[in-house]
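How does the following fold in three dimensions:
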Amino acid sequence: MDLFTHVIFAYLLSFVLWGPAAPQYIAAGALAGGLPDADALLFPLWRRFPILRHHGITHSLLGVTIVAAAGSVLVPYLPFFPHASTLLYFVAMEIGGLSHVFLDGFTHFAVTPFLPFSLRQLRLDADVAINVAMLTLTSVTLVTLILERGTVPFTLWIETAWLLTAIYAAYLLVRGIARWKAEGIRRREGYTSVAPTTNPRVWTLLEERDSADRYRVRYRRYRFGERTPQPERTMEVRKVAPAPGPVLTPEAALERTYLPALDTNRWLASRAHAGHAVARETVFEVAWFIVEMSGAGRTMGVRGEIDRSTGAMRLRSGLFQVPASEAN
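Residues are numbered from 1 along each chain as shown. The predicted model follows:
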C-alpha cells in the first residue's frame, strides 16, 4: 500500500491500543508505520546488497524490531515527543512497523517477514497495492485529522478517530471475506490464482499457460455475493515473429502483434494478459491488456492497429478501457 495509508493505519491502530490519553505512543506508532518504506532511499545499494531492496529486510520482523529498538531511544529527542517509557515507545513502534508488514502482505505484493532466516513470503492477494479508493479515503482522513487538530472539542476528535477506525476495519474485513470466498470458487472451478481489483467486490480468477511457442489464459470475473457466475474468457495465441504480408483474420492479427505488444509494454509480459482484435475497414484494431484490471474496467496495456494488406502495425502503450466484450 501507499506510504500515507500505512501511516494512517498505524495511527488508528495505535489510537485503539493506547487510547487518547497517550498521544506520544500514537505518534510513535504512526511514525513506525511509515519507516519500512525508507528502504526506497537505499536503492543505490540494492545491487550490491540485495537484502536492502524494497520489501527486503526493512519489511521483516528483524528489521522492524531493530528500527523499533533504535527508535525507542531516539524518538524522545525529536520535537513534540516527550520523554516517557523506553519500553512503551519500543512496543508502540514495533506494533506500528508490524502493521506495515501486514498491510503489504495483505496485497498482491509479497513481503518476506522472516528475512534473513527464511525466504518464505507473505502475500494474501486480498488487495491491490495502489488503490485509488484507498488513496481517496486516506486523503480525506489526513485532511480531517489536520483540520480537527486543536479546533474541535476533544470528545469530537475521539469520536472521529473511532469512526475512521471503523471504516478502515470494515474495508479490511470486506476485502478479507471476499478473498476467502474467491479462493473457494477458485478451487472449485480449477483456476490457479485469484487477483484483486480496486473494487472490493470484483476479483479475477486466473489460469495461465506460457510456453516457448504459445500463450494461453483462462479467466473470469468473480463478484462478491454473485448469484449467477460471470462468463469465462479464454484466449490462446501462437508466438510468431512479426512479418510483412496480408493479415486475414483477427486471430492472425493477434499473433502478429503479440510479441511487439510485449516489447512495447514490458509490464504486460509480467502479468496475466489477453488480446482482442476487430476488423475496421483496412485495418484490424487490436488491444492487449492486463487481465487483472481495475474494478472500474480500466487497465494497462497496448492498443493499436495492423494493416490488413501489408501487416504494418502501429502500437502504443497506456491506460485504457477494456473492450466491452471482454470486461464482464
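
What mean pLDDT does the strand or helix carrying residue 251 get?
Assigned by DSSP states H and E, residue 251 belongs to helix 250-264. In this model, helix 250-264 carries a mean pLDDT of 96.

buried sites along that helix?
Residues 250, 252-258, 260-262, 264 are the ones in helix 250-264 that count as buried (16 or more other CB atoms under 10 Å). To be clear about C-beta, it is placed using only N, CA and C from the backbone, and glycine gets the same treatment.

And for stretch 130-141?
Those would be 131, 134, 137-138, 141, for stretch 130-141 by 16+ other CB under 10 Å.

Just the residues you listed: which are in strands?
The strands in this structure, assigned by DSSP state E, contain none of the buried residues of stretch 130-141.

Residue 109: which of the residues you listed is nearest?
residue 131 (11.9 Å; CB to CB).

ok, the closest one - contacts?
Applying CB atoms under 8 Å, 6 or more residues apart in numbering to residue 131 gives the contacts 1, 198.

quick one: secondary structure of the residue most central in space within the chain?
Against the mean C-alpha coordinate of the chain, by CA atoms, centre = their mean, the closest residue is residue 129 at 1.9 Å. Following DSSP: H, G, I helix; E, B strand; the rest coil, the label given to residue 129 is coil.

Without its sequence neighbours, what residue ends up closest to residue 134?
Leaving aside its chain neighbours, residue 134 sits nearest to residue 5 (5.6 Å; criterion: CB to CB, 6 or more residues apart in numbering).

quick revisit: mind putting the buried residues of helix 250-264 in a markdown table, distance to residue 193 included?
Converted to a markdown table, the buried residues of helix 250-264 look like this (distance: CB to CB, whole Å):
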| residue | distance to residue 193 |
| --- | --- |
| 250 | 27 |
| 252 | 30 |
| 253 | 28 |
| 254 | 23 |
| 255 | 25 |
| 256 | 29 |
| 257 | 26 |
| 258 | 22 |
| 260 | 27 |
| 261 | 22 |
| 262 | 20 |
| 264 | 25 |
